[in-house]
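1. pasting the sequence and the predicted model now:
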Amino acid sequence: MGLSARLRSLPLRRVALAGVVAQVGIVVTGAAVRLTGSGLGCPTWPRCSNDAFIPNGVRNDHPALQQGIEFGNRLLTFAVLATAALCVLAARRTGRRDLLWLAWAQPLGVVGQILLGGITVLTDLHPAAVAAHFLLSMAVIAAAVLLYERSLDSPAGDSSARELTWIARALLPATGLLLLIGTVVTGAGPHAGDSKSPRFGINIEHITQLHADVAFLVLALALALAVGARLGSASTALCRRSAELLVVVLAQGAIGYVQYFTGVPALLVGFHVLGACLAWVAALRVYLASRSAAAASLSSAPSDSRKKR
């Protein structure tokens, strides 16, 4: 069997999981570029400098290491694009149009990220461009998670209490709002990616407090869901995933407070970015479990009524 045939025969679920990992990974490596001050190591786009596509060590205001870090992240984008292309190939084999659309969202999203990355560099890492870059990644991660979850032949079908379903659904926009405010905190705080990069003219303490307030809202929802799922008649999937989300949110909150009171060290910020991606993935999985449970409840209602007769 040739290489192309082997690639086409890859199971969709395995490839979709690789897509999720790749999309999260490129967000974390992108954060590493910013946190090491390498955001303008390659100050032009698509070239690394005016006279070369790759780092050549000519520029004096950025060391060769920073040039290599920034250019290395650009190269990783092609690995992510290749993984996204595999998702499209695997989804085509299923014959399901919904899966194919979700698969295509990933390479298209990567192309959008490449263009946004160029805009980010050409605007000297303007915080609005950096925020858009991150939020587009969250949209692509959502498509990757949806593809992974829907690649199951038979999703979990047991029912859950309606109250738990509403809490699970409320968690998704709450987590999205938390991520959005987090980009504003990033744009107003340190670690701009370069010493000459602009910042949002916002009081960092005020926006950080708002970020913490929304984080407490997400924590309260996650705690209520996890406890309610454990004590009530929640589906197995919702019970497990709500516990996973609670653990991620607690860890993310702990990292956030430690980094705030220790002067926002770059390493902790990197873990906080990873935690943001994991919280988003966990919230998406909770939401999908709640939808499966709601569908199961509706499908079982007629049979229940017949039994009573």
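-> Done, it's in.
2. backbone torsions only: list them for Gly95.
-> Dihedral pair for Gly95: phi 80, psi 10, per degrees, to the nearest 10.
3. count of residues packed around it?
-> By the criterion of other C-beta atoms under 10 Å, Gly95 has 8 neighbours. For the C-beta atoms, the positions are set from N, CA and C on the backbone; glycine is no exception.
4. look up how far Ala16 lies from it.
-> Taking C-beta to C-beta, to the nearest Å as the measure, Gly95 falls 16 Å from Ala16.
5. please apply the same query to Thr236.
-> Counting by C-beta to C-beta, the separation of Thr236 from Ala16 is 21 Å.
6. the two: which is more packed in?
-> Neighbour tally, Thr236 and Ala16, criterion other C-beta under 10 Å: the higher count belongs to Ala16, 27 against 13.
7. which element, helix or strand, includes the more buried one?
-> Using DSSP states H and E, Ala16 maps to helix 12-35.
8. low-confidence regions, the stretch 51-200 of the chain specifically.
-> Applying pLDDT under 70 to the stretch 51-200 of the chain flags residues 57-60, 153-161.
9. all helices for it, in order.
-> For the stretch 51-200 of the chain, applying DSSP state H, counting those that start in this stretch gives helices covering 64-94, 97-122, 127-150, 162-188.
10. and whichever helix or strand comes after the last one with helix 162-188, angle?
-> So the one you mean is helix 162-188. Using DSSP H and E, the helix or strand that follows helix 162-188 in sequence is helix 204-231. Going by axes from the mean of the first three to the mean of the last three C-alpha atoms, to 10 degrees, helix 204-231 is angled at 160 degrees with respect to helix 162-188.
11. so how far is Gly112 from Leu65?
-> Between Leu65 and Gly112 the computed distance is 29 Å (C-beta to C-beta).
12. with Ala224 instead?
-> Ala224 is 36 Å from Gly112, by C-beta to C-beta.
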